[in-house]
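S.K.: model the following, please.
(2 chains, ligands or ions: 2)
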Amino acid sequence: MEKLLVADRISKSFGPTRALHDVNFELCGGEVVSVLGENGAGKSTLIKIISGVLAPDSGTLVIGGKPRRFARPRDAIAAGIAYIPQELAVVGSLTVAENLVLGSWPSRLGMTTPRAIIRRASEICERAQIDLPLRQQASTLRLGDLQEIEITRALARDARVILLDEPTAALSEAESSHLFSLIRSLTARGVGVIFVSHRLEEVAGISDRVCVLRNGRTAAVVDGGSASHADLVRYMVGDAPAVERKPRPPVQGPPVLSLRGLSVPGHAGVTGISLDVRPGEVVGVYGIRGSGAATLAECLGGELRHQSGELEVGGQTAALPRSPRAAARLGIAYIPPDRKRGGLFPNLSIGANLGLAHLRADSAGGFLLAGRERARAQAVLRDFHVAARSENQNAMTLSGGNQQKILVGGRLQSARRLLVAQEPTRGVDIGARREIHQHIRRFAEAGSAALLVTSDVEEAVDISDRVLVIRNGRLVAELAGDRLSQSSVVAAAAGEQGTGAAA
Amino acid sequence: MTSEPISGGVDIMAGDDLARQQPSARRRTVRGLLVRSLGIGLFLAVVLVYFALSTSNFLTPSNIADILSGVAVLGIVAIGQTGVIVSGGFDLSVAGVLPLACVLFVQFSNGGASLPVALIETLAIGAGVGIVNAVLIVNAGINPLIVTLASMSVAGGAAYTITNGTTLALTNVANGDLGNLAVGSLPWYLFVFIALAVVAAVIMRFTVFGRIIYALGGSREASVLAGIRVNLVITVVYAVSGLLAAFAGVVTASQILAGSAGVGSTTALTSVAAVVLGGAALSGGSGGIIGTVGGVLVLGCLSNGLALMQVQSFYVQIITGVALIVAVMFSRLSQILSR
Ligand SMILES: Nc1ncnc2c1ncn2[C@@H]1O[C@H](COP(=O)(O)OP(=O)(O)OP(=O)(O)O)[C@@H](O)[C@H]1O
Ligand SMILES: [Mg+2]
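M.R.: Ligands and ions are numbered 1, 2, ... in the order given. Below is the predicted model of the structure:
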């Protein structure tokens, strides 16, 4: 088959960090090649070099038989390469339609009209078989919708090579499989796709070949169908760790938090949700996108204003938190789903990011005690095995997964009673995911509690003592013990009959 | 699946059947436009009604002509400022370019240059200042506020150096005739201002270049990734702003028939104020020419109306400041209501 792209001995360093070291890579037309690797292995760096965002220190790129050097994304786009970044690049102030045609406006002699833009956008959606609210401002959408805009936009360009950096991290199962059928229809036309994901099942299912990176080097290139999960994990981390799920005894005792009749009006709202979280317990909350599961988390995190219901925290009635500050005062720490929007300050150092929640404890008479802040940051870096040079490094320069570890580590430090985590392992590798899970469990076992809102069924089932399922804004099932399994959770969320009792 | 490429070279503007699928698109666009400029429109109406009721000679034809002629210079500068602010930038240098252009135009004219030559030379220098701004912002990565603060100071200082602090009378009689060019009581530059506003509004709204400016102001990173020539666009936007400020300087010279380094020193902040009054966010990505024109008119009516009411000039400053806040709140409110 025709070779669309050959990367030959690519190297790239960021200061002392060697992100890529003599990496070779090939992509043929009609092929899906997945790139696997732990957080910080260099996956995004490789993708960015191919898409012209970064220039390699050494090595060559051969596109369509010709050696190329891309100075900027524009050159790569002209060479038929479409890049969908891990950290989304959607213009929030524009409408969805304008985002879809960004960079390729429908025009005649440089003129365009809002009407023509809408028309072109709806045409793009139609061809990609995706339904998007074209007139809505992009900043009002949720992360998954934004992702969909980007994918649709790339599909709209006549690209020969499509680079997807963790596209499914924010998508629900149904949306992911929709994406996969799109990818297959593209490869059927001879387009080559490079796909980055931490989800091994996805990778095994879609890939013709898998390229595994470890510490910036090519650890292995294997056929998609032939490699077992255990093999892939071994290539990624060096040796295969055991995975097992221990049954846990049910938790008793007075609740840390009890919520009665919570209702939030509006899109993806909830109606009459009541739940108790007991000390030592991890409660999973699962629901497909738009079900209201995310809204529940946002409400407890103090991000919403218009909710009603009764709340008891530590045995005392309390007002529902209407600001993050109020939530913190109740002892609730909230991990938002999107580290870029609400989680981290990308321009601050790791130390400053972690210190922000503890300014009072870390200061005396208004002066910051740098030593305390440093110790706090170093503890997180150590406990979570963050691949960072020091706590002075900018949070922005960490790989996506390492940023997530910083976010989770920091919030766990400041949680007193309850941790409310929304998608805490989005975009992190298997090792880090397990570490984050262990930390959340350990946090709960130390006498606090955690409410884990996730769209990842496996995660919900693995880590939780019981899982609450939300559908159309209502609590429809509570699954624990023998009744708790991935299939029972998915079935309840999808609204199948005869799955456990409604709560 | 068809074998068609995802995005073929189909000219969708020609597709009549597609037009039928979106019957209300045009109506919606027009309504969106109205709602967005509603804030400043309402505010302007309030100001007009107030002055019409409280003074007898506010709504007379001659006073209206006065207001319109009075705002033209600020309006021309504010058009350029709109492009800069929507693209996510900031241009203070207009307050240096305007007096420099005023002085240079007189200097060139007195040196014997014909009107077109003097005009083109002056405008080129204004655009040049804009290009220098853009190069420093894009290539050296310096914040626009700092860059244009510095070039405002340099250009303004250059104007004082040329005049040595005095006022240069315009002695080239042919070029001085420009000052008398008028249709009835409406001076020529008012028509230029209106024409510029119409052209700019069309560019901002109905051209690819205009859409790029909005995208750039919304997210520079996303624009780069979409393959937009961001640096080029920034350069053009600042060059146009410099050019329009220089043109405002020429207009000023024709008004006072002299070159003075003391003119236009407040245009940096008033032009920004007009753009913000018109609904733009200083962070970029929103705003527009129609709003800006509304903002310019509000500022013009306030200073004219308050002068008619014989309010002392330092109160005018205070009232203008308060009005800025109130008007911005008006436009926020109408934006929220339009969602
Ligand atoms: N701009 C930068 N400055 C400094 N270091 C960087 C920069 N970008 C990446 N790095 C470093 O290069 C290494 C590779 O990062 P990269 O983003 O490619 O990892 P990744 O495999 O995509 O990880 P993840 O799965 O977490 O997204 C990391 O150690 C990261 O900290
Ligand atoms: Mg990455």
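
S.K.: the residue in the stretch 251-400 of chain A that ligand 2 sits nearest to: neighbour count?
M.R.: Sorted by distance to ligand 2 under Cβ to the ion, the residues of the stretch 251-400 of chain A start with A:Gly400, at 4.4 Å. Bear in mind the C-beta positions are built from the backbone N, C-alpha and C, glycine included. Other residues lying near A:Gly400 total 24 when counted by other Cβ atoms under 10 Å in any protein chain shown.

S.K.: B:Met309 now?
M.R.: Counted with other Cβ under 10 Å, residues neighbouring B:Met309 total 14.

S.K.: run through the residues that contact it.
M.R.: B:Met309 makes contact with B:51, B:54-55 under the criterion Cβ atoms under 8 Å, 6 or more residues apart in numbering or on different chains.

S.K.: recalculate using a threshold of 7 Å.
M.R.: B:54-55 (Cβ atoms under 7 Å, 6 or more residues apart in numbering or on different chains).

S.K.: try A:Ala297
M.R.: Contacts for A:Ala297 were tallied using Cβ under 7 Å, 6+ apart; they are A:420, A:422, A:453.

S.K.: quick check: phi and psi on the residue of chain B found nearest ligand 2?
M.R.: Each residue of chain B has a distance to ligand 2, by Cβ to the ion, and the smallest belongs to B:Leu225, at 15.2 Å. Listed backbone geometry of B:Leu225 is phi -70, psi -30, with angles given as degrees, to the nearest 10.

S.K.: what sits against it?
M.R.: Taking Cβ under 7 Å, 6+ apart, we find B:Leu225 in contact with A:73, A:83, A:85, A:89.

S.K.: contact residues of the stretch 101-250 of chain B facing chain A?
M.R.: Residues of the stretch 101-250 of chain B lying close to chain A (Cβ under 7 Å from any Cβ of the partner chain) are B:206-209, B:211, B:214-215, B:218-219, B:221-222, B:224-229.

S.K.: am I right that B:Leu53 sits in a helix?
M.R.: Yes. Secondary structure of B:Leu53, determined by DSSP: H, G, I helix; E, B strand; the rest coil: located in a helix.

S.K.: count of residues packed around it?
M.R.: When neighbours are defined as other Cβ under 10 Å, B:Leu53 has 10 of them.

S.K.: dump the residue contacts of it.
M.R.: B:Leu53 touches nothing, counting by Cβ under 7 Å, 6+ apart.

S.K.: let's see that with 10 Å instead.
M.R.: Taking Cβ atoms under 10 Å, 6 or more residues apart in numbering or on different chains as the definition of contact, the neighbours of B:Leu53 are B:Leu59.

S.K.: how much space separates it from B:Met309?
M.R.: As for B:Leu53, its distance to B:Met309 is 11 Å (criterion: Cβ to Cβ, to the nearest Å).

S.K.: please enumerate the helices of the stretch 51-200 of chain B.
M.R.: In chain order, the stretch 51-200 of chain B shows helices spanning B:61-86, B:94-110, B:115-138, B:144-163, B:173-176, B:188-206, with DSSP state H, counting those that start in this stretch as the criterion.

S.K.: can you give the distance from the longest one to the centre of its chain?
M.R.: Shown here is helix B:61-86, whose average C-alpha point lies 7 Å from the average C-alpha point of the whole chain (Cα atoms, centre = their mean, to the nearest Å).

S.K.: same thing with the shortest one?
M.R.: Centre-to-centre, helix B:173-176 and its host chain are 27 Å apart (Cα atoms, centre = their mean).

S.K.: for the last one, same thing?
M.R.: In terms of Cα atoms, centre = their mean, the centre of helix B:188-206 is set 10 Å apart from its chain centre.

S.K.: same for that helix, what does it pack against?
M.R.: If contacts are counted by 3 or more Cβ pairs under 10 Å, 6 or more residues apart in numbering or on different chains; DSSP states H and E, helix B:188-206 sits against helix A:114-128, helix B:25-36, helix B:61-86, strand B:182-183, helix B:208-218, helix B:230-256, helix B:289-308.

S.K.: and of those, who's closest to B:Gly126?
M.R.: Each of the helices and strands packed on helix B:188-206 has some distance to B:Gly126 by Cβ to Cβ; the shortest is helix B:230-256, at 2.4 Å.

S.K.: and the angle for that closest one with helix B:94-110?
M.R.: Angle of helix B:230-256 versus helix B:94-110, following axes from the mean of the first three to the mean of the last three Cα atoms, to 10 degrees, is 60 degrees.

S.K.: and the helix or strand just after helix B:230-256, which strands flank it?
M.R.: Scanning forward in sequence from helix B:230-256, with DSSP states H and E defining helices and strands, the next element found is strand B:258-259. Here strand B:258-259 has these sheet partners by DSSP bridges: strand B:168-169 (antiparallel).
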